[in-house]
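> Give the three-dimensional model of this entry:
(one chain, ligands or ions: 1)
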Amino acid sequence: MNILVINSGSSSIKYQLFDMSNNSVLASGIIERIGEPESILKHRWLKSDGRHEKISLTQKIAGHKEGFQWIKRVAEDTGLSNKLKELFGIGHRVVHGGEIFQEPAVVNDEVIEAIQKMSALAPLHNPANLTGIEAAFKDYPDVPQVAVFDTAFHQTMPAHAFHYALPYELYKDYHIRRYGFHGTSHQFVSKQAALYLGRPLKELNLITLHLGNGASAAAVRGGRSIDTSMGLTPLEGLIMGTRCGDIDPSLPFYIAQRSGLSTNDIETMLNKESGLKGISGVNDMREIISRAEKGDDLASLSIGMFCYRIKKYIGAYYAVMGSLDAIVFTGGIGENSAIVRRKSCEELEGLGISIDENKNNSSSLKAREVNQDNAPVKVLVVPTNEELEIARQTVETILAAK
Ligand code: ADP
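Here you go, the predicted structure:
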């Protein structure tokens, strides 16, 4: 049973072809810098002799439609035509499902219209996601397609967690509320954590921390998200590579008054020039850690701020759930940075959280625990795999609809 997963972003298209009989990846790739003078296509595939091979092309790719034509061409040239003929379904990552989608949905005209409507809330992402859906329908008109929403997992948040304390009409008229993102990742690592712990997910209280370029925390009770740090947009919450996360809501007005910058400029500043980059000058955590080790004070400060914010969310979500079984670190930083894990959990022994330095410093590609043996709360490192989760949800959704 083969599933193609497509993540069509604003200037990139990522894809993975899975054989779901053993969760293996038959092919994967990415086109980056779509619309720029030099787009790059990287493609990796599994050959019949069991070895992987990869190619990389530099080529002007003007738009998403052309991008999909390139992917099809490269897939055919690398012997994947038969695998694509056997497609059971195509799963699409869709960023915003608003309040309409609490689950993945088999794509039909109604679903497409709803995703279009939701573009007001995700103007960069939803239209790009739809381009992927259109292209896939054109090439594979008979293959069922499923939209898997970043927001869906968090639709279980109770009203007191998802409302902003703003005039209620704003919610009714413009759907202004907290939605949360990275849902597929929070859901995937929650399930993996339960498998690792050998306990039913229904019994567990987890804090999941997805720390990549974007970063978010979620309080997951019994497998359901009951709070998360991102809001109407992905700007709220934790400090991120280039996003500020939580700030005083008056700040944009104050910045405008003092600097004369327009609201557009300030929005760009908060999204693209803030966070780790705003303080240290760079957004890549590896580079920041290396600078901090060489004595760069602002790099150290940005790491301290990043971890302090995470720690505050751990405290908040512990209180929200009343008890805690495990904290789950994932994403490029969460999976790889022992320093960030250590600093985020520092001095939390009173809450039953204590890290074992040796375990924390060792690296592995598998789910593992880094807490001290006798610590009441487990601290887990669980590699995320959003594509595999999308593929699984695609299969489940198609089978349920049959
Ligand atoms: P994205 O949100 O773009 O998918 P990733 O989940 O790949 O991002 O995470 C990217 C971040 O992970 C970058 O800040 C990168 O520096 C960081 N990262 C990757 N490897 C390490 C490492 N060994 N130590 C610290 N940070 C790392």
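> Every contact and neighbour count from this point should use C-alpha atoms.
OK.
> is it true that residue 388 lies in a helix?
Yes. Counting by DSSP: H, G, I helix; E, B strand; the rest coil, one finds residue 388 located in a helix.
> SS state for residue 114?
helix.
> Residue 207 too?
Assigned by three-state DSSP, the conformation of residue 207 is strand.
> residues contacting it?
Counting by C-alpha atoms under 8 Å, 6 or more residues apart in numbering, residue 207 touches 217, 218, 219, 220, 314, 317, 318, 324, 326, 327, 328.
> please redo it, this time with the cut-off set to 6 Å
Going by C-alpha atoms under 6 Å, 6 or more residues apart in numbering, residue 207 touches 218, 219, 327.
> so what does the longest helix seen in the chain touch, helix or strand wise?
In the chain, with assignment by DSSP state H, the single longest helix is helix 297-321. Of the remaining helices and strands, those touching helix 297-321 by 3 or more C-alpha pairs under 6 Å, 6 or more residues apart in numbering; DSSP states H and E are helix 275-280, helix 285-293, helix 338-344.
> how does it look with 10 Å?
Packing partners of helix 297-321 (3 or more C-alpha pairs under 10 Å, 6 or more residues apart in numbering; DSSP states H and E): strand 205-211, strand 215-221, strand 224-228, helix 275-280, helix 285-293, helix 338-344.
> do it and the ligand meet?
No. Judged by C-alpha under 6 Å from any ligand atom, helix 297-321 stays clear of the ligand, getting no closer than 10.7 Å.
> in that helix, what counts as buried?
In terms of neighbour count (16 or more other C-alpha atoms under 10 Å), helix 297-321 has its buried residues at 298-300, 302-303, 305-311, 313-314, 317-318, 321.
> For residue 53, name its beta-bridge partners.
For residue 53, the beta-bridge partners are residue 45 (DSSP bridges).
> Count the neighbours of it for me.
Residue 53 has 12 neighbours, counted by other C-alpha atoms under 10 Å.
> list the contacts for it?
Applying C-alpha atoms under 10 Å, 6 or more residues apart in numbering, we find residue 53 in contact with 27, 43, 44, 45, 46, 47, 78.
> and if you look at residue 82?
Counting by C-alpha under 10 Å, 6+ apart, residue 82 makes contact with 75, 76.
> Just say helix, strand or coil for it.
Once three-state DSSP is applied, residue 82 turns out helix.
> Need the pLDDT of it.
For residue 82, the pLDDT comes out at 88.
> What of residue 10?
For residue 10, the predicted pLDDT is 83.
> so which strand or helix has it?
Per DSSP states H and E: residue 10 is located in neither a helix nor a strand.
> Isn't it up against residue 31?
No. Taking contacts as C-alpha atoms under 10 Å, residue 10 lies outside contact range of residue 31: 11.2 Å.
> Those two: who's more crowded?
Remark: of residue 10 and residue 31, residue 31 carries more neighbours, 27 against 20, as counted by other C-alpha under 10 Å.
> Am I right that the more buried one is in a strand?
Yes. Residue 31 forms part of a strand when assessed by three-state DSSP.
> how far away is residue 363 from residue 326?
For residue 363, the distance to residue 326 (C-alpha to C-alpha, to the nearest Å) stands at 19 Å.
> Over to residue 225?
Residue 225 is 14 Å from residue 326, by C-alpha to C-alpha.
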